[in-house]
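**Student:** Give me a model of this one.
(2 chains)
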Amino acid sequence: MGSSLRIENIDAGYGAVTVLSNVAVDVRDGETVVMLGTNGNGKSTLMRCITGEVVPTKGRIIAEIDGVTHDLAGRPTEAIVDLGICLVPEGRRLFPKLTVEENLLLGAFRKAARPKISDNLAFCFDAFPRLAERKNQLAGSMSGGEQQMLALARALMASPRILLVDEPSVGLAPILVARMIDKIAELKAALGLTVLMAEQNFEQATRIADRGYVLVHGQVALAANNIADLRESDVVRKLYLGLD
Amino acid sequence: MVNWDLLSNALVSGVLLGGFYCAVAVGITIAFGMLDIVNIAHPAFIMMGAFIAYFFNTSYGVDPLLACIVAAPFAYFGGRLMYRLYYLAFERHGEESLQGLAFFFGLLFIIEVGLLLIFGVDYRFVEARYIGPSIQLGFVSIPWRLLLPTIVGLAMVGAVALFNAKTFTGRAILAVSQDPGALRLVGGNPVHIKEVAFGISIATAIVAGALLIIIQPVEPSIGRDFIGRVFAICVLGGMTSLPGTVIAAMLLGIAETLTTTYLGPSWSPAISFGILLLTLGVRPAGILGR
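**Tutor:** Below you'll find the model as predicted:
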C-alpha cells in the first residue's frame, strides 16, 4: 500500500503577505523529491502548509495513504501527524530541557506509533549509535549535528509514511551535511518512506533525490523529472552557479 | 549545650511537615513549573479541600481524607474547565502574563470570601481516629496526624512522577511549555495536554486540603500563608523537578520547625520568602533545575 502527496495550486502567506502563489507539487509513492531554492523563497512555508501550521488561502493538499484519500486543508497539525505525515522541522524544534530518550519517546505520541515504540526506539538507537550513547543527556546540550540526528530520529519514532525534511543541512559542517543526506537515503530505503525534502544545498540534495522542483519567489520556477534536467536548467545555473 | 531531645524532635517534625508541603506544592510544580501558569489561587483550592473535608466530616461523619479523595476527580474536571476558560480568555491571545495573573488573584479572593460566607471566620477542625495518638520512638514522638499527611504527600508526588515518566500524556506535560508547536509536530494537542495537567494540579490541591485540616484547625484566610511557601518550594526545587520538589519541601519544613523551636513561631512565615530570595540570588535554577 502506498503513500503519496499532491499539492494542488496553493496560495499561502502570513497575514497580508503572500509567500506562495499557485504552487503545485507531486510526491509519488516511494519517491524522494527535493524542493530547491535559496533562502526566503517559500520552501519552509510550503512545508508548514503541508503540516497545517499555515493554512493555504487557495488550492488543496491531498494525501493518499494506504488507498485512503485525505484532504489536509484546515486540519490541525496533530491530526495531520496522526495520518503519518511527519516533519523534521527547520531549526530542529527539539525539547531542549528533556533528555534524548524523552524526546524520542515523545516522537511516538502518534496513536499508530505507540504499540511499536520499543521496536522504533531500538531501530533509532541502531541507526544513530551516538543517540544511544547520549540518551540521558539533555537535547539542548548536544552539538548541532547530534541535534539534527535526534530531530530525524524523533520523526521516525512516529512510524511515518510520508517524511518531510526541512533544510537538514542548516548549521552543519559540510562533512556532516553529506552524512545526514546519506542517512536520510538509507533510512528511507530501510523503512519504505516517501520523502519530500526542502534544501538549499543543490549538490548534496540531488545526490539522493529522484526528482526536484525549484521554488523562486514563491512560485515553482522549474519542475524537473530527473536530476540531469535539473542540473542543466537555466534557473539552477543562475541560482546556484552564478552563471547568466 | 545542645538539647538533643528538642533538636531531634524538631528535625523529625520538620521532615513530617516537609512531607505535607510536598502535597501542597506538587500542584504548583505542575501548574507553575511545567505549564507556566501562575496559579496564585492554588492555596485557595487547598482551603476549598479543607472545607470539603470539614463539611463531610461534621455533617456525615466521613473520614476527611476519604472525602477529599472522592472529591478529587470532580476537582480534576473542574480544573480542566478552568484551564479551558483561562486559555480562551487569556492564553490564546498571549495575554496570560498580566491578565492571567489578575484572573487567578481574583479567583483567590472569590474562593476565600465564598468560604468565609459559608463557614465563617472561626477555626474549624475535623475528627478522625488518627488525630491524637502518636508513635513513640525513643525520645522522639511521631503524631499520626503528621505522619499520615507525610505519607499521602509523598505518595502523591510519586504518583505524578510515575505518570509523567510512563505515559504519553505525562511526557507531553513535561514538554508542552518548552515548545507547544513542536508538540503538535509529534501529534499532541498542547491545549488538551495543559488542560489535563491543570486538572491534576487542582485535584492535588483538594487532597492537600484534607491533609491540612487533619494537621491543624483552619479558617479561610490561612490559605494565604501558603502562597509564599508553594512558590518557594517550586523555585528552590528547580521548577519542573518532582524530586526537587520533595527535597525543597523537606528543607523548608525543617527550616520552619527549627526556626519555630529556637526563635519562636513569629519568624516562620519569613523563612519561605527568605529561601525564595536566596534561591533566586544564589542558584536561580534551583536544586535539581535542568
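**Student:** from here on, contacts and neighbour counts on C-alpha atoms
**Tutor:** OK.
**Student:** Within the helices and strands, which one has the spatially most central residue of chain A?
**Tutor:** Centroid-nearest residue in chain A, with C-alpha atoms, centre = their mean: residue A:165, separated by 1.7 Å. According to DSSP states H and E, residue A:165 maps onto strand A:162-166.
**Student:** Equivalent analysis for residue B:285, please.
**Tutor:** Per DSSP H and E, there is no helix or strand for residue B:285.
**Student:** For the closest residue to it other than its chain neighbours, give its distance to chain A.
**Tutor:** Counting by C-alpha to C-alpha, 6 or more residues apart in numbering or on different chains, residue B:238 is the residue found nearest to residue B:285 once chain neighbours are left out, at 5.6 Å. Going from residue B:238 to chain A by C-alpha to the nearest C-alpha, to the nearest Å gives 12 Å.
**Student:** repeat for residue B:257
**Tutor:** 35 Å.
**Student:** Count the residues that sit near that residue.
**Tutor:** Neighbour count for residue B:257, taken as other C-alpha atoms under 10 Å in any protein chain shown: 24.
**Student:** ok but it is inside a helix, no?
**Tutor:** Yes - counting by DSSP: H, G, I helix; E, B strand; the rest coil, residue B:257 falls inside a helix.
**Student:** I'd guessed it sits against residue B:10; true?
**Tutor:** Yes - under the criterion of C-alpha atoms under 8 Å, residue B:257 makes contact with residue B:10 at 5.8 Å.
**Student:** before we move on, which element is the closest residue to chain B within chain A in?
**Tutor:** Taking C-alpha to the nearest C-alpha, chain B has its nearest neighbour within chain A at residue A:78, 4.0 Å off. Using DSSP H and E, residue A:78 maps to helix A:77-82.
**Student:** Each with direction, which strands does whichever helix or strand comes after that helix pair with?
**Tutor:** Once helix A:77-82 ends, the next helix or strand along the chain (criterion: DSSP H and E) is strand A:85-88. Strand pairing for strand A:85-88, determined by DSSP bridges: strand A:162-166 (parallel).
**Student:** and the end-to-end length of stretch A:109-129?
**Tutor:** Stretch A:109-129 has its terminal residues 22 Å apart, counting by C-alpha to C-alpha, to the nearest Å.
**Student:** in it, what counts as buried?
**Tutor:** Judged by neighbour count using 16 or more other C-alpha atoms under 10 Å in any protein chain shown, the buried positions of stretch A:109-129 are A:109, A:110, A:111, A:113, A:114, A:117, A:120, A:121, A:124, A:125, A:127, A:128.
**Student:** Of those residues, which pair is most distant in space?
**Tutor:** With C-alpha to C-alpha as the measure, no two of the buried residues of stretch A:109-129 lie farther apart than A:111 and A:128, at 23.9 Å.
**Student:** list the contacts for the residue of chain B found nearest chain A?
**Tutor:** Nearest residue of chain B to chain A, counting by C-alpha to the nearest C-alpha: residue B:187, 4.0 Å away. For residue B:187, the contact set (C-alpha atoms under 8 Å, 6 or more residues apart in numbering or on different chains) comprises A:77, A:78, A:79, A:80, A:81, A:82, A:109, A:110.
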